[in-house]
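Colleague: Using only what follows, build the 3D model:
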Amino acid sequence: MSDAPLPLTLETARRLAVTKQGLSGKQPSRPSAAAICSIVREIAYVQWDPVPIVAPSHILSLWARLGDFRVSDLERLLWKERKLLLHWTPMASIVLAEDYPLYSSLMTRYPESLTSSWGNHRIRARQFLAEHADLRRTVRRELRNGPLTTGQFKEHAKTKRNDVEWAFSSDLSQMLFHLLMSGEVMVVGHEGNQNLWGLTEQFLPSEVETEPLSKEAFERESAQRAIRALGTATAREITYYFPRGRYERLQAALDGLEEASAIRRVAVDGVADRKVRYVHTQDLPLLATVDSSGWEPRVSLLPPFDNLIGSSARTKSLFGFDYVREQFLPPEKRRYGTYVLPILWGERLIGRIDPRMDRDRGVLMVNSVHAEPDAPRDRELAARIGETIDRLAAFLGAGRVAYSRKVPAAWRSSLR
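Modeller: You can find the predicted model right below:
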């Protein structure tokens, strides 16, 4: 085993997390397609969510890190060059095609690669696939003639049902999920908000490495990717982050990585959760950088499914910030709004805004702005928040920003 845990201040751990998530320093002036791939590589995935109340969550996550990137570059990377793929981790996510051996390791063992954290889904998946072998063959046969949306399959209407299992509206949609998880089909495009399905053998580029990693190599590689993306992480945080709920012997993998000096234990002062926390040894030099005067904080607006705040428990433990995705609550139970974006300033989550894009009028409506009790109240910060909201509006094509009266008094002069 390695030396005693390395002591870190809470500020250092937060800054490392923010830096590893690509949310500090200057944004590129002209983000390229390569920059999009680089961000996905650094943070392992970007959660896909097409709900356009402001803009799709994945667009907002990339914008928070890259600034004014070209959405057309993202579309090309996904649907033409296929350097990026849409895959389930287990939520729909943008991932790198170069990481295919990680997913292939899970695909070739599916559904046995589903761990106990999935409850009885492994048993149900095994049973469903055994009972619907004919449907599996039919789906593959129909896709040989080209990609289809769910509704375009002949079998869709035949297998519709009202008692939705696993939130699937038909046996066909459930089969497509299982075939995606086993690597037989993939999402090859979009028609509106509908996935366009195709056979992997026809659409995955030939240059993509598909040889699956062994179970042990998969767990070692995935755990390292998660730790590096998070900055510091407990075993529970690793399991939740990437790929969620797919580790069988994570602690054994972590022990091996620690023995090999690939990771090191850290003790973060001020974190209530006293579970063992790790940092990757490749990131140890960053600890001095984030503690120096050269570290550059910035204001970011994070969408509900952003990687930094993906785990509510971690967000509370590490950042002291309670975040609830209120779009899933009844209106009467919402405290801050419908589609709430936390405000990140440097290493601190200092507030939140509730925006909505009015596309008909070309206006970014800010229904409310809330400041955390310990948030700075100075005008300079308020101006930076206002500038960031203005930049978001311009990126979305809004001609102006309209604020309600629900703005903290100390920030009101800059947010009106």
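
Colleague: For the rest of this, base every contact and every neighbour count on C-alpha atoms.
Modeller: Fine.

Colleague: Tell me which helix or strand comes right after the least confident helix or strand in the chain by mean pLDDT.
Modeller: Lowest mean confidence among the helices and strands of the chain (mean pLDDT, DSSP states H and E): strand 160-165, at a mean of 52. Once the chain leaves strand 160-165, the next helix or strand it forms, by DSSP states H and E, is strand 168-170.

Colleague: packing partners for that next one?
Modeller: strand 160-165 (3 or more Cα pairs under 8 Å, 6 or more residues apart in numbering; DSSP states H and E).

Colleague: What residues does L301 make contact with?
Modeller: Applying Cα atoms under 8 Å, 6 or more residues apart in numbering to L301 gives the contacts A64, L341, P342, I343, L344, T388, I389.

Colleague: Let me know the secondary structure of the fourth one.
Modeller: Secondary structure assignment for I343 (DSSP: H, G, I helix; E, B strand; the rest coil): strand.

Colleague: didn't it look like it was pressed against V369?
Modeller: No: the pair I343 / V369 is not scored as a contact, 9.6 Å apart, by Cα atoms under 8 Å.

Colleague: CA atoms of the longest helix seen in the chain as PDB?
Modeller: Scanning the chain for the longest helix, with DSSP state H as the assignment, gives helix 379-396. Written as PDB, here are the backbone C-alpha positions of helix 379-396 (Å, rounded to 0.1, in the frame of the first residue of the first chain):
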ATOM      1  CA  ARG A 379     -20.900  44.300  -8.100                       C
ATOM      2  CA  GLU A 380     -17.900  42.900  -9.900                       C
ATOM      3  CA  LEU A 381     -19.200  39.300  -9.500                       C
ATOM      4  CA  ALA A 382     -22.700  40.400 -10.300                       C
ATOM      5  CA  ALA A 383     -21.400  41.900 -13.500                       C
ATOM      6  CA  ARG A 384     -19.600  38.700 -14.400                       C
ATOM      7  CA  ILE A 385     -22.800  36.700 -13.800                       C
ATOM      8  CA  GLY A 386     -24.700  39.100 -16.000                       C
ATOM      9  CA  GLU A 387     -22.000  38.800 -18.800                       C
ATOM     10  CA  THR A 388     -22.200  35.000 -18.700                       C
ATOM     11  CA  ILE A 389     -26.000  35.100 -19.000                       C
ATOM     12  CA  ASP A 390     -25.700  37.600 -21.900                       C
ATOM     13  CA  ARG A 391     -23.200  35.200 -23.600                       C
ATOM     14  CA  LEU A 392     -25.500  32.300 -23.200                       C
ATOM     15  CA  ALA A 393     -28.400  34.300 -24.700                       C
ATOM     16  CA  ALA A 394     -26.200  35.200 -27.700                       C
ATOM     17  CA  PHE A 395     -25.200  31.600 -28.100                       C
ATOM     18  CA  LEU A 396     -28.800  30.600 -28.100                       C
END
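
Colleague: Surely L172 is within a strand?
Modeller: No: assessed with three-state DSSP, L172 is helix; it does not lie in a strand.

Colleague: when you give positions from now on, start the count at 89
Modeller: Sure, I'll start counting at 89 from here, so that last one is L260.

Colleague: For it, which non-adjacent residue is spatially closest?
Modeller: Leaving aside its chain neighbours, L260 sits nearest to H244 (5.7 Å; criterion: Cα to Cα, 6 or more residues apart in numbering).

Colleague: wait, the one you found sits on S257?
Modeller: No: applying Cα under 8 Å, one finds H244 not in contact with S257, separated by 9.2 Å.

Colleague: okay, and for this protein, where does confidence drop off?
Modeller: Applying pLDDT under 70 to the chain picks out residues 89-90, 245-255.

Colleague: Now with 50, please.
Modeller: 250-254 (pLDDT under 50).

Colleague: for it, longest strand please?
Modeller: Among all segments of the chain classified by DSSP state E, the strand with the greatest residue count is strand 436-446.

Colleague: now the angle from that one to helix 467-484?
Modeller: 40 degrees (axes from the mean of the first three to the mean of the last three Cα atoms, to 10 degrees).

Colleague: Run the chain-centre distance for the next helix or strand after strand 436-446.
Modeller: Scanning forward in sequence from strand 436-446 by DSSP H and E, the next helix or strand is strand 451-459. Taking Cα atoms, centre = their mean, to the nearest Å, one finds the center of strand 451-459 at 24 Å from the center of the full chain.

Colleague: again, but for stretch 163-178
Modeller: Mean C-alpha position of stretch 163-178 versus that of the full chain (Cα atoms, centre = their mean) differs by 14 Å.

Colleague: what comes up buried for it?
Modeller: E163, L165, L166, W167, R170, K171, L172, L173, L174, H175, W176, T177 (16 or more other Cα atoms under 10 Å).

Colleague: same check, this time on stretch 193-211
Modeller: Buried-residue list, stretch 193-211, by 16+ other Cα under 10 Å: S193, L194, M195, T196, Y198, P199, S201, L202, T203, H209, R210.

Colleague: which of those residues sit farthest apart?
Modeller: Maximum pairwise distance among those (Cα to Cα): 18.5 Å, between S193 and H209.

Colleague: how far does stretch 127-144 sit from the chain's center?
Modeller: Distance, centroid of stretch 127-144 to centroid of chain: 6 Å (Cα atoms, centre = their mean).

Colleague: For that stretch, give me every contacting residue.
Modeller: Contacts for stretch 127-144 (Cα under 8 Å, 6+ apart): 108-110, 145-146, 149-150, 153, 174, 179-184, 281, 313-314, 316-318, 330, 393-395, 427, 443-445, 452, 484.

Colleague: now with 6 Å?
Modeller: Q109, S145, H146, A180, S181, I182, V183, A317, R444, M445 (Cα atoms under 6 Å, 6 or more residues apart in numbering).

Colleague: again with stretch 346-366
Modeller: Under Cα under 6 Å, 6+ apart, the answer for stretch 346-366 is 89, 93-98, 320-322, 345, 367-369.

Colleague: Looking at the residues you listed, which is nearest W285?
Modeller: Of the contacts of stretch 346-366, the one sitting nearest to W285 (Cα to Cα) turns out to be A321, at 35.4 Å.
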